[in-house]
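S.K.: A predicted structure for the sequence below; I have some questions about it.
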Amino acid sequence: MRRRRAGAVLAAMLFAAAPGGAAAQAPGLPGSGAPQPTPASQPAPTPSSVGATAIAAGLQAMHRGEYRRALDDFKQAADALPGSPGPLFYPVFARWWQGLFADGPAGRPDSAFDDTCATAVNVSEARLDETPHDVDALTTLGASQILRAHVQAVRGNYWRAGQEARRGKKALDQALAIDPEREPALFGMGALNYYADRVPLIVKGIRVFLFMPGGDAPLGLGQIRKVAEGGGPLRTDGRLLLGLVCSDHYQQAYDDALGHLAQALAETGGSSLIRAAIGDLQLRLARYDDAAATLASALAEAGGDGFEASRQRRWLVLGLAEALAGDWRLDEAEAMLARAAGEAAPASDALRRAERRLTAEIAGRRSALTGPAAGPVDDRAGDGGDVPRAAGRLLAGQRLIDADRAAEAVPILESAVDLLPSDPPPWLAGAIQLHLGLALKRSGDPTAAHSHFDRAIATRRFRAADRARLELGKKGEDAPLCAR
């Protein structure tokens, strides 16, 4: 699966997902529940109910990654309520996600996002000219500007990004001052408050020159949680975002995050994209057997014949291949790689990089099964290292740990470190340090174990570094806000 971290990419994809009844209180659409079928004896559907139904259908399509269908549904909602700013936020949302997960060479939102966002902003500003305190207009304006700020940052236009974020925050502040419970405004403001407080220090240092608003991580996390625990249309969005935030390296509340994602899945009645987010986190925690089961279920749900469906399946298949490889089920992992190549969606640069990485990892793990014998524990590799024997000792150490013989695994894994080349594959170097830490921890030496967990975390591009963070047990200061 593709990993572009402002979250994981498949995980980040879920930031826009909403429950099946998500249009219950959508901006510009009155009502407290999803529209129900209208019997013949009742009045014909109103424009508001038509718009609400279309938005609900569009959000369901987004759950499945069917962005074109979602855009059609959102257009139907806007057509049902001409001049209303509320429904115009959803196509902005859809275009943003479509651009964020584009597999083109640049992977950046195209002009379609700009046009869609401009429409939402213009209609909202026109409404505010007539009614300065219109909450729906303020919410749509502010949320759209925040999304445009992100797009400008992706494009490298940091000055414009800062200005858009400042304007969006101002509009959302005004909306929440009028209606503190307005969920779309809480959702956007919560995300902005959290992530604006988590930008690198170098960005914080130049914030004043970029007009970038400051953030407040605890406040943002609380706002996100309020949305997640509410009964409104964006509760699943809030629950998903809460899962992403709680699993980042600031909070490290991984099991709480899995619980939030599982609840989001239950609320939707099933979604391949939410399963993908759960599987992605399980991969990061080196829970490979669980990840394989989760991603296999996601793949079973990812139907459709179009390009988008094929591309989604291709990423899911690669995620499943990674889980199977991590569990040393190499024949199955190789079969998944072959299946990915057979998908109709052409391989993007990102897909090719993921496939190359997994091909190399599977080959390295295969060498542990087919290469020379591991040899005595006290031998050493030459300057070039010995990847097959190092991988073989990793496998031997893992098997001993699984058999509750951790003390016997320690010397084997220590010797595996000595067999690593000067520039070892990240999956191998990180896994050896992680499992050496696990062996030491389980054999009663937590101090020594911590040093190896730290080395696993420091291994660049090691995909399961979060498992080492979990073993260290150092949650972030705001992690209590993640508790289930």
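M.R.: Received the coordinates, thanks.
S.K.: what are the phi and psi values for residue 462?
M.R.: Here is the backbone geometry of residue 462 (degrees, to the nearest 10): phi -80, psi 120.
S.K.: ok, it to residue 469 distance?
M.R.: According to C-beta to C-beta, to the nearest Å, residue 462 stands 11 Å off from residue 469. Backbone N, C-alpha and C define where each C-beta goes, glycine included.
S.K.: Secondary structure class of residue 347, three-state.
M.R.: Under the three-state scheme (DSSP: H, G, I helix; E, B strand; the rest coil), residue 347 adopts coil.
S.K.: Need the nearest residue in space to residue 263, chain neighbours excluded.
M.R.: Nearest residue to residue 263, sequence neighbours excluded (C-beta to C-beta, 6 or more residues apart in numbering): residue 239, at 5.7 Å.
S.K.: ditto for residue 88
M.R.: Excluding its sequence neighbours, the residue lying closest to residue 88 (C-beta to C-beta, 6+ apart) is residue 120, at 4.0 Å.
S.K.: wait, residue 388 sits on residue 368?
M.R.: Yes. Using C-beta atoms under 8 Å, residue 388 makes contact with residue 368 at a distance of 6.2 Å.
S.K.: rewinding a little: run a quick neighbour tally on the residue nearest to residue 88.
M.R.: 27 (other C-beta atoms under 10 Å).
S.K.: Could I get the contacting residues of it?
M.R.: By C-beta atoms under 8 Å, 6 or more residues apart in numbering, residue 120 lies in contact with 85, 88-89, 91-92, 140-141, 144.
S.K.: buried residues in the host helix or strand of it?
M.R.: For residue 120, the enclosing helix or strand under DSSP states H and E is helix 111-130. Buried residues in helix 111-130, counted by 16 or more other C-beta atoms under 10 Å: 113, 116-117, 119-121, 123-124, 127-128.
S.K.: Run through who's touching stretch 277-295.
M.R.: With contacts defined as C-beta under 8 Å, 6+ apart, stretch 277-295 is touched by 1, 3, 8, 10-11, 13-14, 240, 243-244, 247, 254, 257-258, 261-262, 265, 275-276, 298, 316, 319-320, 322-324, 326-327, 329, 431, 434, 463-467, 470.
S.K.: among those residues, which are in helices?
M.R.: Counted as lying in helices by DSSP state H, out of those, are 10-11, 13, 240, 243-244, 254, 257-258, 261-262, 265, 275-276, 298, 316, 319-320, 322-324, 326, 431, 434, 465-467, 470.
S.K.: where along the protein do the strands fall?
M.R.: Shown for the chain, no strands are assigned by DSSP state E.
S.K.: CA atoms only: put the helix holding residue 120 into CSV for me.
M.R.: Listed next in CSV are the C-alpha coordinates belonging to helix 111-130 (Å, rounded to 0.1, in the frame of the first residue of the first chain):
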residue,chain,number,x,y,z
SER,A,111,-7.2,22.4,-12.0
ALA,A,112,-10.4,20.5,-11.4
PHE,A,113,-9.9,21.1,-7.7
ASP,A,114,-9.2,24.8,-8.2
ASP,A,115,-12.4,25.2,-10.2
THR,A,116,-14.6,23.3,-7.7
CYS,A,117,-13.1,25.1,-4.8
ALA,A,118,-13.6,28.5,-6.4
THR,A,119,-17.2,27.7,-7.0
ALA,A,120,-17.8,26.9,-3.3
VAL,A,121,-15.8,29.9,-2.1
ASN,A,122,-17.6,32.3,-4.5
VAL,A,123,-21.1,31.1,-3.6
SER,A,124,-20.3,31.2,0.1
GLU,A,125,-18.9,34.7,-0.1
ALA,A,126,-22.0,35.9,-2.1
ARG,A,127,-24.2,34.5,0.6
LEU,A,128,-22.2,36.2,3.3
ASP,A,129,-22.5,39.5,1.4
GLU,A,130,-26.2,39.2,1.8
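S.K.: Any chance of the backbone angles for the closest residue to residue 314 other than its chain neighbours?
M.R.: In this structure, residue 314 finds its nearest non-sequential neighbour in residue 343, 4.3 Å apart by C-beta to C-beta, 6+ apart. Backbone torsions for residue 343, taken as degrees, to the nearest 10, come to phi -70, psi 150.
S.K.: Need the per-residue pLDDT for residue 343.
M.R.: For residue 343, the pLDDT comes out at 86.
S.K.: For it, give its distance to residue 148.
M.R.: Distance, residue 343 to residue 148, by C-beta to C-beta: 33 Å.
S.K.: And the two? Which one has more around it.
M.R.: Legend: neighbour count by other C-beta under 10 Å for residue 343 and residue 148, higher for residue 148 (26 against 19).
S.K.: Show the pLDDT at that one.
M.R.: 90.
S.K.: mind listing what it touches?
M.R.: Residues near residue 148 by C-beta under 8 Å, 6+ apart: 113, 117, 121, 164, 168.
S.K.: please redo it, this time with the cut-off set to 7 Å
M.R.: Going by C-beta atoms under 7 Å, 6 or more residues apart in numbering, residue 148 touches 117, 164.
S.K.: Likewise for residue 317?
M.R.: Going by C-beta under 7 Å, 6+ apart, residue 317 touches 299, 336, 339-340.
S.K.: export the residues you listed to CSV and tack on neighbour count?
M.R.: As requested, the contacts of residue 317 are exported to CSV (neighbours: other C-beta atoms under 10 Å):
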residue, neighbour count
299, 21
336, 26
339, 16
340, 23
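S.K.: Among those residues, which are located in helices?
M.R.: Reading helices off those with DSSP H, I get 299, 336, 339-340.
S.K.: could I get those as CSV with pLDDT and distance to residue 45?
M.R.: Output for these, formatted as CSV (pLDDT from 0 to 100; distance: C-beta to C-beta, whole Å):
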residue, pLDDT, distance to residue 45
299, 92, 37
336, 96, 46
339, 92, 44
340, 90, 44
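S.K.: out of those residues, what pair is the most spread apart?
M.R.: Greatest spatial distance among these (C-beta to C-beta): 299 and 340, at 10.8 Å.
S.K.: could you pull out the helices for the stretch 101-250 of the chain?
M.R.: Here the stretch 101-250 of the chain has its helices, by DSSP state H, counting those that start in this stretch, at 111-130, 135-154, 158-178, 183-196, 201-205, 207-210, 217-228, 235-246.
S.K.: For the fourth one, which helices and strands make contact with it?
M.R.: Spelled out, that is helix 183-196. Under the contact criterion of 3 or more C-beta pairs under 7 Å, 6 or more residues apart in numbering; DSSP states H and E, helix 183-196 touches helix 135-154, helix 158-178, helix 217-228, helix 235-246.
S.K.: Of these, which is nearest residue 304?
M.R.: Short answer: helix 235-246, nearest of the helices and strands packed on helix 183-196 by C-beta to C-beta, at 21.4 Å.
S.K.: gap between residue 150 and residue 93?
M.R.: As judged by C-beta to C-beta, residue 150 and residue 93 stand 12 Å apart.
S.K.: what domains does the record give for this protein?
M.R.: Domain assignment for the chain, taken from automatic domain parsing, gives 9-32+46-241, 379-474.
S.K.: Quick one: the ones you listed as CSV, columns for distance to residue 363 too.
M.R.: Output for those, formatted as CSV (distance: least, C-beta to C-beta, whole Å):
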stretch, distance to residue 363
domain 9-32+46-241, 25
domain 379-474, 10
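S.K.: Compare the mean pLDDT across those domains and name the weakest.
M.R.: domain 9-32+46-241 has the lowest average pLDDT among the domains of the chain, namely a mean of 78.
S.K.: and that domain, how far out from the chain's middle?
M.R.: For domain 9-32+46-241, the gap between its own C-alpha mean and the chain's C-alpha mean amounts to 17 Å (C-alpha atoms, centre = their mean, to the nearest Å).
S.K.: please begin residue numbering at 476 from this point
M.R.: Yep, numbering from 476; the last one is domain 484-507+521-716 now.
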